[in-house]
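**Q** Kindly generate the corresponding structure for this input.
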Amino acid sequence: MVNKEVLSKIYLPIFILLLLFIDYYSKSLALLNLSYGQLNETFMPFIDFLLIYNSGIAFGMLDGKSIYVSYLLLILTISISTYLIWLIYNEENPKKKIALSLITGGALGNILDRFNDGQVTDFLHLEILEFSFFVFNFADLFITIGAILIIYFEIIYKPKNE
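**A** Coordinates of the predicted model:
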């Protein structure tokens, strides 16, 4: 079993940096190989490539607003990420630490993108039965998986342990 201190001080920062690298590298590949707004080949069943830029928040809300909104969102996400890092180091449950690290890695990936471009690069298009749901990136995927795990550990898994 991994010592909790070693997990927090060594493995989780490396894990977060790995998530950040995966997100940054995938966005770089998308920018090099995809044309803006043009639907491309299938990546996986239900997921196609579609390069777009999101200056807003989830699902394009606040997209296309002023540069001040973009800076406000950058400051907000930096604040949230700082809080998430604090939560990781103060959390006792190693599984929750990993879930929080997924959220943090994803948040930092989108922060880096927003800091460099003022917007986030999205390129994975979820479409089921010809209905377009949304376009996202790996950072969004990491955040979603982490959030689902947190909900699971707080609501479902927790009562079984008590």
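
**Q** Would you state the predicted confidence (pLDDT) at Val2?
**A** We have a pLDDT of 57 for Val2.

**Q** quick one: contacts for Leu126?
**A** Phe46, Ile47, Ser132, Phe133, Phe134, Val135, Phe136 (Cβ atoms under 8 Å, 6 or more residues apart in numbering). For every residue, glycine as well, the C-beta is placed using N, CA and C.

**Q** Apply 10 Å and report the result again.
**A** The contact partners of Leu126, taken as Cβ atoms under 10 Å, 6 or more residues apart in numbering, are Met44, Phe46, Ile47, Asp48, Leu50, Ser132, Phe133, Phe134, Val135, Phe136.

**Q** Give me the subset of these lying in strands.
**A** The strands, defined by DSSP state E, take in Met44, Ile47, Asp48, Leu50, Ser132, Phe133, Phe134, Val135, Phe136 from the contacts of Leu126.

**Q** Quick check, the first one in contact with Glu127.
**A** No: using Cβ atoms under 10 Å, Met44 makes no contact with Glu127, being 11.2 Å away.

**Q** Counting neighbours, go ahead and name the busier of those two.
**A** Glu127 (16 against 8; other Cβ atoms under 10 Å).

**Q** That's all I had, so thanks and see you.
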